[in-house]
Structures are given as structure tokens and as C-alpha cells.
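Q: give me a 3D structure for the following:
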Amino acid sequence: MTSPSRAARSLPNRSRWSSFHYIKYKSEDLFLGVDVRVTTKILSQPDLPPEREQRLYYILDLQDRGLTTKEISGLLNTSGMIPPRGGLYTPKLVWVTIKKFKNRLERLTDTTVEVGAAQFYLRQLMRKPWKKVVINGRVINSPSSISSPS
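A: Reported below is the predicted structural model:
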């Protein structure tokens, strides 16, 4: 008896194995879905009082018009605006206010949505947890502890 060549032994026997897999579930047990992941920092941002938010937008608008931090601090001080912690506006305070407000605006718009590939999911029935029931001062957590009167 002759042994098969090495090349013939390395090939899979296609007549014996099939790459087709049978679906073991009924069609009503499966549903098509996707995994969606939303990452955002919006929910953790505290809301600012409206007058403070208006002041921040005003300072940002002045900088967008081309004014320097020294000119903005002088304009805010002559108009009578007071910083939240009191005192006068300095160029450094204006600069850090603009920097922090820009970072805040960037965080508010930083939302990523990732949608996974469509795949089949096995439908699973949701079991409702037993409610805490009190009958005649006795706590009953499961239906087996409810005894019928005899």
C-alpha cells in the first residue's frame, strides 16, 4: 500500500467537513441589532448662571474682534464689570478666563459615537425581580414562601 504524498496529506478533506453551520434557534428567537457607544462629557458639565455665561461670551467676542487681553481688561474695568471673585480685571485674568472658557466649549462639543457591526442577538426573556411583599407583618420575597391557607 502506498502512502499519499505530503502535499495530498496537507489538503483538508472537503468531502468530510463542511463550513456551513446550522442555525439552532427559531427566527423569532433572534433579532438583528448593533452595539452603539456614546462618549460625552456634556452630562458632567455644571450649568453656568446666565449672566456669567453672557460675560464669558462677551469676553470671547472681544478677543475674536482682535483686542488684546490688556485692552479687554481695560474695557471691562471702565465699563464697571467685576470679576466673579471681586477686584479688577487684569490681562492675566482675562487670558485665563478665555482659555478656560474655550476648553469648556470644546468639552461641550466633544461627543463621539461608535456604531458596531450588525449582528444577530438571541432574544432573552426579561425576568422581573420579585417585589417585596408584606402580608400580616411577614416579608415574602418569592412565590414559594407564599403558603396557601389549609
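
Q: residue boundaries of the helices in the protein?
A: 6-10, 50-64, 69-78, 91-109 (DSSP state H).

Q: and the residue nearest to residue 48 when sequence neighbours are not counted, how many neighbours?
A: With Cβ to Cβ, 6 or more residues apart in numbering as the criterion, residue 48 has its nearest non-adjacent residue at 7.5 Å, and that residue is residue 56. To be clear about C-beta, it is placed using only N, CA and C from the backbone, and glycine gets the same treatment. Other residues within reach of residue 56, judged by other Cβ atoms under 10 Å, total 18.

Q: can you check residue 97 too?
A: Neighbours of residue 97 (other Cβ under 10 Å): 22.

Q: my read is that it contacts residue 59, right?
A: Yes: contact status for residue 97 versus residue 59: in contact at 6.0 Å, counting by Cβ atoms under 8 Å.

Q: sorry, back to before: what about the residue nearest to residue 48, distance to residue 113?
A: 28 Å (Cβ to Cβ, to the nearest Å).

Q: how about residue 114, what does it touch?
A: Counting by Cβ atoms under 8 Å, 6 or more residues apart in numbering, residue 114 touches 36-39.
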